[in-house]
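Novice: Following is a predicted model, sequence given first.
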Number of protein chains: 2
Amino acid sequence: MLSDIEICRNTPLSSIETVAGNAGLLPHEFDTHGKHKAKVHPQCLERLNDNQDGKLVLVTAITPTPLGEGKTVTTIGLSQGLAKINQSVMACIRQPSMGPVFGVKGGAAGGGYSQVAPMDELNLHLTGDIHAVTAAHNLASAAIDARVYHELREGFDAFEARTGLKALKIDVERITWKRVMDHNDRALRMVKIGLNEDGKTINGFEREEGFDISAASELMAILALAKDLKDLRQRIGRIVVAYNLDGLPVTTEDLQVAGAMAVTLKETIAPTLMQTLEGVPTLIHAGPFANIAHGNSSIIADEIALKLSSYVVTEGGFGSDMGFEKACNIKASAAKRAPDCVVIVATLRGLKANSGHYDLRPGMAIPDSIFSPDHEALKAGFENLKWHINNVHKYGLPAVVAINQFPQDSVDELLELKSLIHTFNPDVKVAVSTAFANGGEGAVELAQYVVETCETSSNFRPLYQKEQSLIEKLMAVCEVGYGASNIEMSELAKAQLAHFEQLGFDDLAVCIAKTPLSITTDSAVKGAPTGFSVPIRELRLCAGAGFVYALSGSIMTMPGLPDKPAFMNLDLDDFGNIIGLS
Amino acid sequence: MLSDIEICRNTPLSSIETVAGNAGLLPHEFDTHGKHKAKVHPQCLERLNDNQDGKLVLVTAITPTPLGEGKTVTTIGLSQGLAKINQSVMACIRQPSMGPVFGVKGGAAGGGYSQVAPMDELNLHLTGDIHAVTAAHNLASAAIDARVYHELREGFDAFEARTGLKALKIDVERITWKRVMDHNDRALRMVKIGLNEDGKTINGFEREEGFDISAASELMAILALAKDLKDLRQRIGRIVVAYNLDGLPVTTEDLQVAGAMAVTLKETIAPTLMQTLEGVPTLIHAGPFANIAHGNSSIIADEIALKLSSYVVTEGGFGSDMGFEKACNIKASAAKRAPDCVVIVATLRGLKANSGHYDLRPGMAIPDSIFSPDHEALKAGFENLKWHINNVHKYGLPAVVAINQFPQDSVDELLELKSLIHTFNPDVKVAVSTAFANGGEGAVELAQYVVETCETSSNFRPLYQKEQSLIEKLMAVCEVGYGASNIEMSELAKAQLAHFEQLGFDDLAVCIAKTPLSITTDSAVKGAPTGFSVPIRELRLCAGAGFVYALSGSIMTMPGLPDKPAFMNLDLDDFGNIIGLS
């Protein structure tokens, strides 16, 4: 079979003007960026206001292997399958991060004959939104350290007298806003900045600092959750970057940098329109990493797509404990719009990996042996799929299972899996999807089940309400959601929780950073574990995004590169074409 | 008078398709990025190959105040003036950096009625080239630290046996590739990375590191100097990022990251087409900072513009000791194309500042008193203009002086300056430009002089030849160029020089990082100093760009923010328009 980028390059694409026209956009409602991308102005919603909303289909998955189980393939394939059965449809996905593109996982455009195209443009800079997030984020960092430098060097009173500015008296031990970079760069996780030679202070004041990957920036969550540019600007101004010597929050507004951050992010408010290999209009917006970030595509993109088409297929990263949970408890609450149907992507390989009979680790190839029929492993791993079906039902939402077929899969084993699901719950529809190999044609059965399921009534209920306390919300996600028996808060996290409550942030949502490779916080624990506890080591206040961000287990907010990163395969050929991207 | 952004917003612009058509480009030779920007594919040069080249006009300046003397205003104004007298013309300028936009200097689109438009799009992300440089640069950094981490953690032999890769045995004390960020962020100048808690090594190996501003990245110089995408790829592969334990260079090719870096930079090879407020097609390409970088717009953009128009107006940053020197000794040599005419921008305020009678410092407002007539100060400061005229003549190039008039300037003093120049050298033409207030109409006289001067014969001679040794080249720039009496090499710089010679890099050019606020390396020394020495404290090898980069005096490669940075003025208004950008 051809590589993803070869398939993509060999597929004739429509001009983006044609795609936009097919989607129902008027020429003044978008700006083209090259032949195959366009920025769609959210102002189009004013014209579309009276259109009836389409159905929102959210694609999630079982607990995946480190390479993923084909959720984006299925999202794009399903959208193409819906088009094949003559439904008006759009897909909405998040922008890929360069970290995984150059690291382990590779691109995030889907694959095979179910890709967003051109996949290289999607996977690399797209229309620059992540770069803008990085720039706006680090502008605030530069503003913080510059302010600390000028105030401390001169003394607060002298600084105020000379500049006419109020001294912010930032406590250098309590600067909470870290810098970001859109790379997997472990050496930047913990750094010391503002170093000087010979006891000078020309480079600022020394302090500990760290870099997160850009997708984990609060600004990325703000972009995903903002209603419009005005809301984006206001949310930015609420960001707490530090505490002053009196223990009070210091915001970007206090630093007079919130306006410039919004200016830097101005163009990002417009989702990017692309197309799938079969021409389904696809909106790309906001950031990835549903493990260490909110990690869902944007509310604005969903809104536009729902006004333009009868079906909108979107995805929540990793398993249903990850992106799906955040899509329901954070995004759906902010959007006041629940999904109508949830597709759970399962693979034979992924379920067998969940048996615990295989030793799979990030950065290592998946052994071929996992594709050989293994009844015991499948049965054991099936517990994980049951867990995810139950998890979706917990939210009052109907589930369809999509078995994403790999070429090496045994047909008997696929039938066995279907039968296991049917036995477990005969109401859950199951389709085998060959969207990778066959495009939309391979997802027609899945599309039909999704259409049927969207007609069933659902009764969406998130796991918590705004009015509950922060600890109740954390317990709701960990105990009701993950099925943990308890939460273990570190002393640091306890103190932070008390502080946030005291500051009046009790009405925020919670966003848990957790390994995606287990339902627990320990990536080695597979299947459908019970009786585990969730250690929460640190909380971060995201007052602009509207949630408290909890770091669980040993999850890191800056990934690292493996010893043989994906970047080693990438190059330009003699004609200037990109090779080795997948 | 209206602010720059108000003038820009009130001026009707042509669609970029119209601008491209007017410039002589065919529809398939560019891709639009929004309504007012387009990426121009260098492949158009194949079609244009037989066109006669236009004349290349290089705009430089006297030694400027920290706010600049209006070189971009004059560059854009002159291009508009040439259009007014019915010449076919294009302008070529570098992309602005966000550092100055948010810091002291503000935007770099020109100003008043001589701007590149839309100025906010130019000053912020443009088409993402600087972001791509930052991303490609920092990818190499992540690759270095990841490789060091994996090799040291496992041991060289075990690493080789397991991965099949050759251990690079990078000497962690001799990693020369710093990270970059496109902000003025002094706290990142000197940092320690790879810190760990509790003696673990999960975050990599601790080492000293620093961040430069992105414009100073070797990749930016490579972009500016590359002939085409293939040359870009090859130059990237020659970059030396570190030395191994045997003292031998380690390149990006050794790290197998050169291909991915080129992939990341692929789209940057295409210059961005915009227009001036009067519709002159303008190509934007490569980076700023002629003080701490090569800092000229690209050879590719010049080549395209020269094939499309009779006159191409470009600029070299700061005074003629800075960007102009690099345009002649680095860019012209690489392009095998010298300028035909040089315009030296002078202002009354700038010359009086060069008298040394005023105390001007970066970050401080310029006192109004400098605009009052001051015969003594003007006469004293005029020495600086004489120096720059002589400097241009040193290269065998004809000079025209453009006096950039400020509204507060005294007419008598303007006449006095013209007379001083005439007395000094009656062959040098002088025009007062009011391009800021009057657009191209204010630069018609200047345009006429430029046309006349382009017809005179020139005899370009750079200050050194490739075959000379590195120290001879440094002496040529410092002693013949700046007029210094000698160079003082630090012990470090001497050792580096010997090492580079030993490694066979003697045929590279030299690129000197120096304060732009003085002809010397001390920003406090104004006018036309003599008998000074140039302290060179450190050399950096830029084998891909093709030069050795020398840090002189106390110049820093990462600027800092002042106490009241320009970002404080920026915001979005209720309609989502940017306000406060200048």
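Specialist: Perfect, I can see it now.
Novice: What pLDDT does the model give residue A:363?
Specialist: pLDDT recorded at residue A:363 is 66.
Novice: Can you show me the strands along the stretch 451-582 of chain A?
Specialist: Secondary structure of the stretch 451-582 of chain A (DSSP state E, counting those that start in this stretch): strands at A:486-489, A:509-513, A:533-542, A:547-552, A:571-572, A:578-579.
Novice: Let me know which of these is the nearest to chain B.
Specialist: Chain B lies closest to strand A:571-572 among the strands of the stretch 451-582 of chain A, at 3.0 Å (CB to the nearest CB). All C-beta spots, glycine's among them, are computed from the backbone N, C-alpha and C.
Novice: tell me what that closest one is packed against?
Specialist: Contacts defined by 3 or more CB pairs under 8 Å, 6 or more residues apart in numbering or on different chains; DSSP states H and E place strand A:571-572 against strand A:578-579, helix B:229-237, helix B:258-265.
Novice: next helix or strand past the second one?
Specialist: Following the chain from helix B:229-237 toward its C-terminal end, the next helix or strand by DSSP states H and E is strand B:240-244.
Novice: Determine if any part of that next one is in contact with chain A.
Specialist: No - using CB under 8 Å from any CB of the partner chain, strand B:240-244 never reaches chain A; the gap is at least 13.6 Å.
Novice: who touches the next helix-or-strand element following that strand?
Specialist: Remark: after strand B:240-244, the chain's next helix or strand is strand B:249-251, criterion DSSP H and E. Residues from elsewhere that reach strand B:249-251 (CB atoms under 8 Å, 6 or more residues apart in numbering or on different chains): B:168, B:170, B:237-244, B:258, B:503, B:541, B:543.
Novice: State the pLDDT value of the closest residue to chain B within the stretch 151-300 of chain A.
Specialist: Using CB to the nearest CB, the closest approach of the stretch 151-300 of chain A to chain B is made by residue A:259 at 3.0 Å. If you check residue A:259, the pLDDT there is 98.
Novice: and it, how many neighbours does it have?
Specialist: Residues within reach of residue A:259, counting by other CB atoms under 10 Å in any protein chain shown, total 23.
Novice: Identify the residue nearest it in space, chain neighbours excluded?
Specialist: residue B:571 (3.0 Å; CB to CB, 6 or more residues apart in numbering or on different chains).
Novice: What's the per-residue pLDDT of residue A:1 here?
Specialist: Reported pLDDT for residue A:1: 80.
Novice: And for the one 10 residues further on?
Specialist: Reported pLDDT at residue A:11 in the predicted model: 96.
Novice: And the one 3 residues further on, by the same measure?
Specialist: Per-residue confidence for residue A:14 comes out at a pLDDT of 98.
Novice: just checking, residue A:213 touches residue A:179?
Specialist: No - using CB atoms under 8 Å, residue A:213 is not in contact with residue A:179, being 10.9 Å away.
Novice: hang on, the earlier thing: so which of the helices and strands packed on strand A:571-572 gets nearest residue B:496?
Specialist: Checking these against residue B:496 by CB to CB gives helix B:229-237 as the closest, at 20.9 Å.
Novice: Residues contacting the closest one, please?
Specialist: A:571-572, A:574, A:576, B:42, B:136, B:219, B:222-223, B:225-226, B:251-253, B:258-259, B:261-262, B:265-266, B:269, B:544-546.
Novice: switch the cut-off to 7 Å
Specialist: Helix B:229-237 has contacts (CB atoms under 7 Å, 6 or more residues apart in numbering or on different chains) with A:572, A:576, B:222-223, B:226, B:251-253, B:258, B:261-262, B:265-266, B:269, B:544-545.
Novice: again with stretch A:425-438
Specialist: Stretch A:425-438 is contacted by residues A:70, A:73-74, A:77, A:80-81, A:111-114, A:389, A:399-405, A:407, A:414, A:418, A:421, A:442-443, A:445-446, A:449, A:453 when judged by CB under 7 Å, 6+ apart.
Novice: Go through those and flag which are in helices.
Specialist: Among the contacts of stretch A:425-438, DSSP state H puts A:73-74, A:77, A:80-81, A:389, A:414, A:418, A:421, A:445-446, A:449, A:453 in helices.
Novice: ok, and the most crowded of those?
Specialist: Neighbour count (other CB under 10 Å) singles out residue A:77 as the most crowded of those, with 41 neighbours.
Novice: doesn't residue A:444 make contact with that residue?
Specialist: No - Residue A:77 is beyond contact range of residue A:444, at 9.8 Å (criterion: CB atoms under 7 Å).
Novice: Tally up the residues packed near residue A:465, please.
Specialist: Using other CB under 10 Å, residue A:465 has 12 neighbouring residues.
Novice: Roughly how far does it sit from residue A:507?
Specialist: 10 Å (CB to CB, to the nearest Å).
Novice: coming back round to it: list buried residues within the contacts of strand B:249-251.
Specialist: For these, a burial check counting by 16 or more other CB atoms under 10 Å in any protein chain shown picks out B:168, B:170, B:237-243, B:258, B:541, B:543.
Novice: Please identify which of these is nearest to residue A:300.
Specialist: Closest to residue A:300, out of all of the buried ones among the contacts of strand B:249-251 and judged by CB to CB, is residue B:258, at 38.2 Å.
Novice: Touching, that closest one and residue B:240? I think so.
Specialist: No - with contact defined as CB under 7 Å, residue B:258 and residue B:240 do not form a contacting pair (11.7 Å).
Novice: ok, which residues in the stretch 1-150 of chain A are in contact with chain B?
Specialist: A:31-35, A:98, A:102, A:124-125, A:128, A:131-132, A:135, A:138-139, A:142-143, A:145-146, A:149-150 (CB under 7 Å from any CB of the partner chain).
Novice: Now, the residues you listed that are in strands?
Specialist: Secondary structure assignment by DSSP state E places A:31-32 of those in strands.
Novice: Just the residues of the stretch 1-150 of chain A next to chain B: which are in helices?
Specialist: Here DSSP H is the test, and those give A:98, A:102, A:131-132, A:135, A:138-139, A:142-143, A:145-146, A:149-150 as lying in helices.
Novice: By neighbour count, which of these wins?
Specialist: residue A:102 (32 neighbours).
Novice: who's in contact with it?
Specialist: Counting by CB under 7 Å, 6+ apart, residue A:102 touches A:184, A:565-567, B:139, B:260.
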